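Sequence isn't available, so here's the structure alone:
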């Protein structure tokens with residue numbers, strides 16, 4: 001019983017680790033998306049500005065805005081997929097937690113039974 005409980009605890013630790021990794025990946029995607037949005041905002045501001053050299057770079061800046069927008073869309077899809085993976089991982093972790101808690105209750109009950117049996121054996125009068 002103890003081996004099963006220890007094994008389940010290891011599984012639970014792995015599930016927690018996998019969930020943390022999924023959270024970190026989602027966070028990284030969100031940070032990258034925020035950076036790209038800021039870049040796009042700066043480019044659009046530059047396009048709208050009144051700069052003397054502005055006309056020389058309009059085409060290149062417009063292409064860059066399109067490129068950044070495509071990348072933002074791509075990251076949006078990646079974030080959606082990663083969110084689903086995070087939810088799946090959370091579900092797996094919760095199931096592992098419930099299984100570990102159940103095994104722990106069973107193990108504690110077995111220990112209590114054993115301790116009670118030992119106490120009863122010690123209380124019995126000895127026949128000589």
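Good, I have the coordinates. Because the structure is predicted, anything quoted here is derived from the model rather than measured.

Give me the helices and strands touching the helix or strand where residue 60 lies, please.
Using DSSP states H and E, residue 60 falls within helix 58-123. The contact analysis (3 or more Cβ pairs under 8 Å, 6 or more residues apart in numbering; DSSP states H and E) places helix 58-123 against helix 2-48. Where you see a C-beta, it was placed from the backbone N, CA and C, and this is true even at glycine.

Which elements pack onto the helix it packs on?
In terms of contacts (3+ Cβ pairs under 8 Å, 6+ apart), helix 2-48 is packed against helix 58-123.

Spatially nearest residue to residue 85, not counting backbone neighbours?
With Cβ to Cβ, 6 or more residues apart in numbering as the criterion, residue 85 has its nearest non-adjacent residue at 5.4 Å, and that residue is residue 22.

Would you check that the one you found makes contact with residue 89?
Yes - when contacts are counted by Cβ atoms under 8 Å, residue 22 is listed as touching residue 89 (4.7 Å).

what ranges of this structure fall below the confidence cut-off?
Counting by pLDDT under 70, the ranges of the chain that qualify are 50-55, 126-128.

Now find how far off-centre stretch 34-43 is within its chain.
26 Å (Cα atoms, centre = their mean, to the nearest Å).

Stretch 106-121 now?
Offset of stretch 106-121 from its chain centre (Cα atoms, centre = their mean): 39 Å.

Could you do stretch 72-83 as well?
Mean C-alpha position of stretch 72-83 versus that of the full chain (Cα atoms, centre = their mean) differs by 15 Å.

Which residues does that stretch contact?
Contacts with stretch 72-83, where a contact means Cβ atoms under 8 Å, 6 or more residues apart in numbering, come from 22, 25, 26, 29, 30, 32, 33, 36, 37, 40.

quick one: the fourth one from residue 79, how far?
Taken as Cβ to Cβ, to the nearest Å, the spacing of residue 29 relative to residue 79 amounts to 5 Å.
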